[in-house]
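S.K.: Model the following, please.
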Amino acid sequence: MEHHAPPSVRELLLPAINFAIYLFIIVRRGKGPLIEFFRQRAARLSEALAAGARARAKAEELRAQVNRDRENLPQVRAELRAELLAVATRERAKILALARDTADRIRVDARVLADQELAQARSVLRGETVGEALRRAATILRGAITTDDQRRLVREFMSHPGASQ
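M.R.: Numbers count the residues shown, from 1 in each chain. This is a model prediction of the structure:
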């Protein structure tokens with residue numbers, strides 16, 4: 001290992017004087033900006049601490065509200081259930097009333113339609129009955145009336161005053 005000689009006073013004094021000059025310049029020129037930097041930093045730290053305290057207070061308030069809400073949850077649940085049940089009951093009543101009205105209208109329409117079809121069927125049946133009666137009467141008359149009867153009926157018909165019109 002190599003051994004060095006101790007430094008001389010001159011080697012130590014010149015760097016110490018140089019350091020003192022730099023320190024004097026830095027203190028003289030940089031004191032104001034340095035103080036301002038630390039003042040601004042202290043203000044930022046104070047504001048950050050205050051914001052943290054406000055956030056903590058708000059979080060505590062929210063936590064208390066959540067705890068209150070959690071404690072009231074069974075009551076809120078029961079209230080919501082009752083409200084939903086009431087709404088469902090009202091809607092059920094509306095739907096049933098609407099269904100009854102619709103069923104009544106359908107019954108009335110069915111009655112009207114049945115009455116119309118019955119009247120039409122009676123009319124058709126009457127027409128068929130009359131037509132059949134006329135055919136049978138004509139058949140019976142053809143078989144029962146003789147030529148002499150036909151001549152007599154024609155003379156009687158012509159002898160009436162309105163027959164020539």
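S.K.: For the rest of this, base every contact and every neighbour count on C-alpha atoms.
M.R.: OK.
S.K.: Secondary structure element for residue 15, which one?
M.R.: According to DSSP states H and E, residue 15 maps onto helix 9-144.
S.K.: Please state the offset of that helix from the chain centre?
M.R.: The gap between where helix 9-144 is centred and where its chain is centred comes out at 9 Å by CA atoms, centre = their mean, to the nearest Å.
S.K.: Spell out the secondary structure type for residue 161.
M.R.: coil (DSSP: H, G, I helix; E, B strand; the rest coil).
S.K.: Tell me how many other residues crowd it.
M.R.: Residue 161: 8 surrounding residues under other CA atoms under 10 Å.
S.K.: Residue 43 now?
M.R.: So residue 43, with other CA under 10 Å, has 12 neighbours.
S.K.: Same question for residue 125.
M.R.: Applying other CA under 10 Å, I find that residue 125 has 12 neighbouring residues.
S.K.: before we move on, back to that, so what's the model's average confidence on the helix holding residue 15?
M.R.: With pLDDT averaged residue by residue, helix 9-144 scores 92.
S.K.: same for it, what does it pack against?
M.R.: Using 3 or more CA pairs under 8 Å, 6 or more residues apart in numbering; DSSP states H and E as the contact test, no helix or strand touches helix 9-144.
S.K.: Residue 86 versus residue 99, what's the distance?
M.R.: Using CA to CA, to the nearest Å, residue 99 is found at 20 Å from residue 86.
S.K.: Please disregard the earlier target; I meant residue 10.
M.R.: Going from residue 10 to residue 86 by CA to CA gives 101 Å.
S.K.: of the two, who's got more company?
M.R.: A direct count of neighbours by other CA under 10 Å for residue 10 and residue 86 places residue 86 higher, at 12 against 9.
S.K.: any idea how far residue 74 is from that one?
M.R.: From residue 86 to residue 74 the distance is 18 Å (CA to CA).
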